[in-house]
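Enquirer: Fold the following, please.
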Amino acid sequence: MKYAFIVNPASGQGKKKDLVAQLNELVESSSKDIKVYYTAGEKDATVLADAIAREAGDEQVVIFACGGDGTIQEVANGIVGNDNAVLGVVPVGSGNDFVRTLGGGLDEGQKFLDLDRQINGEMIKADLLKMSYIENGETVEKYIVNGINIGFDGNAAITASKAKSYPFISGTMSYIVGVLVNLAAKKGENLRI
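Expert: This is a model prediction of the structure:
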């Protein structure tokens, strides 16, 4: 079995420094086939996950998404259709909602940061949603691991993502800013469902 860690350096805050050190130690000390990859931009995790799975051929590979919910989504979309690939999650994002739903909360979610436990852990099945939408006149299909937010919640998440680019706004604070801005704007969306 092979193991790959796709790290999103743009997600989360201080958690990544510890993770990178742990990954380097794991690669050096383990006899298992472990590789670490880093993303440089949007959709990199999807492309990397697909390439890693294809390169593994018939051998099973666990591909760990090391980031937040966005990184998990990208890796999941990369492994869809590759029957030899399994999704793993190391939550070093801001919100980590997916891990909260799996583990029952923030404290319980800490177990996902134990790399030895991750590699030697038990696999579980999870649902995967397929979503399609029209963007610029073209149909786009994506797979969803956690959930879909539309309307106010979706707009707040988009604003929160933009707010993180400002100094001193990160993590939970970015979501609070997103909610407040969208409450004040009373912005709506036209949707056909």
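Enquirer: which residues does the nearest residue to Tyr38 once chain neighbours are set aside bridge with?
Expert: Nearest non-adjacent residue to Tyr38, counting by Cβ to Cβ, 6 or more residues apart in numbering: Val7, 5.1 Å away. Bear in mind the C-beta positions are built from the backbone N, C-alpha and C, glycine included. As for beta bridges, Val7 partners with Tyr38, Cys66 under DSSP bridges.
Enquirer: Which parts of the protein are strands?
Expert: With DSSP state E, the ranges of strands along the chain come out as 2-7, 33-38, 61-67, 85-91, 129-135, 138-144.
Enquirer: Among those strands, show me which one is buried the most.
Expert: The highest mean neighbour count among those, using mean count of other Cβ atoms under 10 Å, belongs to strand 61-67: a mean of 27.
Enquirer: Which parts of this protein are helices?
Expert: Using DSSP state H, the helices found in the chain span residues 15-29, 44-56, 69-79, 97-103, 106-109, 115-119, 152-163, 171-185.
Enquirer: now what about the fourth one, what contacts it?
Expert: With Cβ atoms under 8 Å, 6 or more residues apart in numbering as the contact definition, helix 97-103 has outside contacts at 69, 72, 89, 91, 106, 109, 111-112, 126, 145-147.
Enquirer: Buried only: go through these for me.
Expert: Neighbour-count burial (16 or more other Cβ atoms under 10 Å) is assigned, among the contacts of helix 97-103, to 69, 72, 89, 91, 109, 112, 145-146.
Enquirer: Which of these sits closest to Ser174?
Expert: Nearest to Ser174 among the buried ones among the contacts of helix 97-103: Asp69, at 13.2 Å, using Cβ to Cβ.
Enquirer: For the closest one, give me its contacts.
Expert: 93, 95-98, 145-146.
Enquirer: Farthest-apart pair in the residues you listed, please.
Expert: Gly95 and Val145 (13.6 Å).
Enquirer: picking that back up, out of the buried ones among the contacts of helix 97-103, who's nearest Ser161?
Expert: For these, the minimum distance to Ser161 (Cβ to Cβ) is 11.0 Å, reached by Asp69.
Enquirer: Any figure for the gap between that closest one and Gly93?
Expert: Distance of Asp69 to Gly93, computed by Cβ to Cβ, to the nearest Å: 6 Å.
Enquirer: Next: Asn8.
Expert: Counting by Cβ to Cβ - Asn8 and Gly93 are separated by 8 Å.
Enquirer: any common contacting residues for these two?
Expert: Each of 67-68, 70-71 lies in contact with both Asn8 and Gly93 under the rule Cβ under 8 Å, 6+ apart.
Enquirer: Which of the helices and strands in the chain ranks last by mean pLDDT?
Expert: Least confident element among the helices and strands of the chain, by mean pLDDT, DSSP states H and E: helix 106-109 (a mean of 63).
Enquirer: hmm, back to that, pick the one among the contacts of Asp69 closest to Asn182.
Expert: Nearest to Asn182 among these, counting by Cβ to Cβ, is Gly95 at 16.4 Å.
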